[in-house]
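1. Fold the following.
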Amino acid sequence: MKISFLSPPALDGKPAADRLYGCAYSFYYLPHIPSLMCATILRDNGYKIELLDFPAQKKGISEFTGYIKSTDADIFVFYSVFLTKRTDIKAREIIRQFKPGARFIYMGPYPTAFPLELIDDREDTVVVRGEPELTTLKLIKAIESGSLRADIENIVFRNGKDISYGPIGEFIEDIDSLPIPDRRLLDHSVYFNSKMKKSPQTVLLTSRGCSFRCWYCFPNSLSYVREAVHKGKYGRKPPVKLMALERIEKELKEISDMGFKAVSVMDDNFIWGEERTLKLCGFFKKYDLEWSCLARVDLVTEPIIKAMKESNCTYVDFGIESFDPDVLKCIKKDLDIEKAKTTIKLMQRHGVEPEVNILIGSCPTEKKESIKKTVNAVEELKIHYVLYSIASPFPGTELYEAAKREGWLIGGEYSLNDAVYESVLSYPQLTKKDMEGLIAWAYRRHYFSPHFLLKELKSLTSITELLSKLRTGLIVFKKYVLGLQKKESGM
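-> You can find the predicted model right below:
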């Protein structure tokens, strides 16, 4: 039996979406570590595997159709996020035309939140909710033996006229027991992060989950499915699981031995204590790997910053969301903004780039003046990399529940939107039009300023880095200067 893990080309007239987080259309592509992990487990159990990422390979519909006609795969697996739902459904229809006996598995945030939207009148599709690794192996074995049953945990499928639901299973307690994902299964030459200087690049996960309580939070897609199912079963977020230091070093050594030069750490929060973090920095230094991570700005200490600099950490991604303390209190960020500013300045002094995420419209009482105040603070701090987004009320978040209850959701229910371009929310004092105008203004002000462009030019070290930055810059220019990308509401 052969299983194909697919990221199809965009089939809905929109750009291809990022599948690691799933809340925006891609500025650039990174290897999809959850699919790679599932593929490794299946390969280790004797199954033939294919992983294809058509958007990263710059392959379109004709290449996709040609692949479907030629492949001998029996089962096609889609790791679907909210923005890929239309594409992944259309991809199934294309495959059905040429492979009428094919089976389909959907996993990821969208199938976890809305499993019934993927179950149609045929019996060829199974939805996996929650963490997919162990369930996928059980499911493939059941399909192979012709014994698909409703007692398999976390699955949903059609059984004649009925829809069968497997029980919600327990969660992966020992993440060290999972194999190191075999990166040889996926062509990494097409992936890049424009903020990193070295290549080839890959991604890494050293933990699962986040213990903080931000009411808008949409973590990485693997953490999202884990949290959504855990909240449904227990009414609370799951505990954070940390990978053992020995296991992490083993994976980093393998990454280095395979010739990778840069690693993007995709944990929702990388810093869980100073001692652990200093040891992790030591591993990156030992294996001479450029790296980046996401972290809570209030968990960073000066010894950590120094260790990051010494270990070639290029940047740290911080979710600040707003420089207005009232907004931070509203969204349960639990962040001292003055401490955040101090940490940002300290990182700049030590030469580790702080990337800041700003979220517009996350609080129903936020006003245009507050947003402008935050944008001004970003410029005053001379933050080089900033990602502005409009808050999306993703199902499973407190913001989603409040938006449905209070009538802030346009159309009354969550709908697709590009979080860095378009709003599905509208408040009495901050409308959809207000938010979309403000985010376009903020991007133009920051990324097309002489200060930013000059610093980018001075920092270039290779033609590869120049080309990756130009690709990202072109996307920003088309969106925020030319306005060429259609909004979901205009489709």
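
2. tell me the strands in the stretch 1-150 of the chain, going along the chain?
-> 2-7, 48-53, 75-79, 103-107, 125-128 (DSSP state E, counting those that start in this stretch).

3. Mean neighbour count, mean pLDDT and distance to residue 444 for the ones you listed - can I get that in TSV?
-> The C-beta positions use only the backbone N, C-alpha and C, and glycine is treated the same way. Shown next, in TSV, are the strands of the stretch 1-150 of the chain (neighbours: other C-beta atoms under 10 Å; pLDDT from 0 to 100; distance: least, C-beta to C-beta, whole Å):
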stretch	mean neighbour count	mean pLDDT	distance to residue 444
strand 2-7	22	98	31
strand 48-53	19	97	31
strand 75-79	26	98	34
strand 103-107	25	98	38
strand 125-128	26	98	41
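
4. And those strands: which comes nearest residue 455?
-> Ranking those by proximity to residue 455 (C-beta to C-beta) places strand 48-53 first, at 31.5 Å.

5. Does anything pack onto the strand or helix carrying residue 317? Which helices or strands?
-> Assigned by DSSP states H and E, residue 317 falls within strand 313-321. The elements that strand 313-321 packs onto, with contact taken as 3 or more C-beta pairs under 8 Å, 6 or more residues apart in numbering; DSSP states H and E, are strand 290-295, helix 337-350, strand 353-360.

6. One more pass at 7 Å, please.
-> Secondary-structure packing of strand 313-321 (3 or more C-beta pairs under 7 Å, 6 or more residues apart in numbering; DSSP states H and E): strand 290-295, strand 353-360.

7. Strand partners (parallel or antiparallel) of the longest one?
-> The partner list of strand 353-360 in its sheet, established with DSSP bridges, is strand 313-321 (parallel), strand 385-390 (parallel).

8. Deepest-packed of those strands, please.
-> strand 313-321 (a mean of 23; mean count of other C-beta atoms under 10 Å).

9. Please identify the buried residues of the helix or strand following that strand?
-> Sequence-wise, the next helix or strand downstream of strand 313-321 (DSSP H and E) is helix 325-330. Neighbour-count burial for helix 325-330, counted by 16 or more other C-beta atoms under 10 Å, picks out 327-328, 330.

10. Show residues contacting helix 325-330.
-> If you take C-beta atoms under 7 Å, 6 or more residues apart in numbering as the criterion, helix 325-330 is touched by 321-322, 335, 337, 363, 365-366, 370.

11. Need the residues you listed in CSV (columns: pLDDT).
-> Formatted as CSV, those follow (pLDDT from 0 to 100):
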residue, pLDDT
321, 96
322, 97
335, 95
337, 95
363, 96
365, 94
366, 96
370, 96
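
12. Keeping just the C-alphas, turn the host helix or strand of residue 253 into PDB.
-> Per DSSP H and E, residue 253 falls inside helix 245-257. Taking C-alpha atoms only, helix 245-257 is exported to PDB below (Å, rounded to 0.1, in the frame of the first residue of the first chain):
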ATOM      1  CA  LEU A 245      17.300  17.600  25.900                       C
ATOM      2  CA  GLU A 246      19.100  14.400  24.800                       C
ATOM      3  CA  ARG A 247      16.400  13.800  22.200                       C
ATOM      4  CA  ILE A 248      16.700  17.400  20.800                       C
ATOM      5  CA  GLU A 249      20.500  17.200  20.600                       C
ATOM      6  CA  LYS A 250      20.200  13.900  18.700                       C
ATOM      7  CA  GLU A 251      17.900  15.500  16.200                       C
ATOM      8  CA  LEU A 252      20.100  18.600  15.800                       C
ATOM      9  CA  LYS A 253      23.100  16.300  15.100                       C
ATOM     10  CA  GLU A 254      21.100  14.500  12.500                       C
ATOM     11  CA  ILE A 255      20.100  17.800  10.900                       C
ATOM     12  CA  SER A 256      23.700  19.000  10.800                       C
ATOM     13  CA  ASP A 257      25.000  15.700   9.500                       C
END
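
13. residues of that helix that come out buried?
-> For helix 245-257, a neighbour-count test (16+ other C-beta under 10 Å) marks 247-249, 251-252, 255-256 as buried.

14. returning to that earlier point: of the strands paired with strand 353-360, which shows the lowest average pLDDT?
-> Of all the strands paired with strand 353-360, strand 385-390 carries the lowest average pLDDT, namely a mean of 92.

15. Report the contact partners of residue 135.
-> 128, 153-155.

16. Quick check: residue 223 is in a strand.
-> No - judged by DSSP: H, G, I helix; E, B strand; the rest coil, residue 223 forms no part of a strand; its state is helix.

17. Distance-wise, check it relative to residue 45.
-> 25 Å (C-beta to C-beta, to the nearest Å).

18. of these two, who's got more company?
-> Per other C-beta atoms under 10 Å, whichever of residue 223 and residue 45 has more neighbours is residue 223, with 26 against 10.

19. OK, contacts around the more buried one?
-> Taking C-beta under 7 Å, 6+ apart, we find residue 223 in contact with 208-210, 268.

20. Quick one: classify residue 157 as helix, strand or coil.
-> Residue 157 - assigned by three-state DSSP - is strand.

21. shouldn't it be in contact with residue 164?
-> Yes - shown here, residue 157 and residue 164 form a contact pair, counting by C-beta atoms under 7 Å, at 5.6 Å.

22. More neighbours: those two, which one.
-> Set side by side, residue 157 and residue 164 show more neighbours around residue 157, with 24 against 17, by other C-beta under 10 Å.

23. quick one: the more buried one and residue 73, what's the gap?
-> Residue 157 sits 19 Å away from residue 73, going by C-beta to C-beta.

24. okay if I get the helices and strands packed on strand 313-321 as a markdown table plus mean neighbour count?
-> Formatted as a markdown table, the helices and strands packed on strand 313-321 follow (neighbours: other C-beta atoms under 10 Å):
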| stretch | mean neighbour count |
| --- | --- |
| strand 290-295 | 23 |
| strand 353-360 | 22 |
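
25. Relative to residue 11, which of those is closest?
-> strand 353-360 (29.2 Å).

26. Downstream of that closest one, the next helix or strand is which one?
-> helix 368-380.

27. Tell me which stretches of the stretch 101-250 of the chain form helices.
-> 109-113, 133-145, 221-234, 245-257 (DSSP state H, counting those that start in this stretch).

28. lowest-confidence stretch among those helices?
-> Among the helices of the stretch 101-250 of the chain, helix 221-234 scores lowest, at a mean of 90.

29. could you give the angle of that one to strand 75-79?
-> Note on geometry: by axes from the mean of the first three to the mean of the last three C-alpha atoms, to 10 degrees, helix 221-234 and strand 75-79 are set 90 degrees apart in direction.

30. what's the angle from helix 221-234 to strand 103-107?
-> 80 degrees.

31. Quote the end-to-end distance of stretch 39-56.
-> This stretch, stretch 39-56, spans 18 Å end to end (C-alpha to C-alpha, to the nearest Å).

32. With stretch 255-271 instead?
-> For stretch 255-271, the end-to-end distance is 21 Å (C-alpha to C-alpha).

33. Thank you kindly, that will do.
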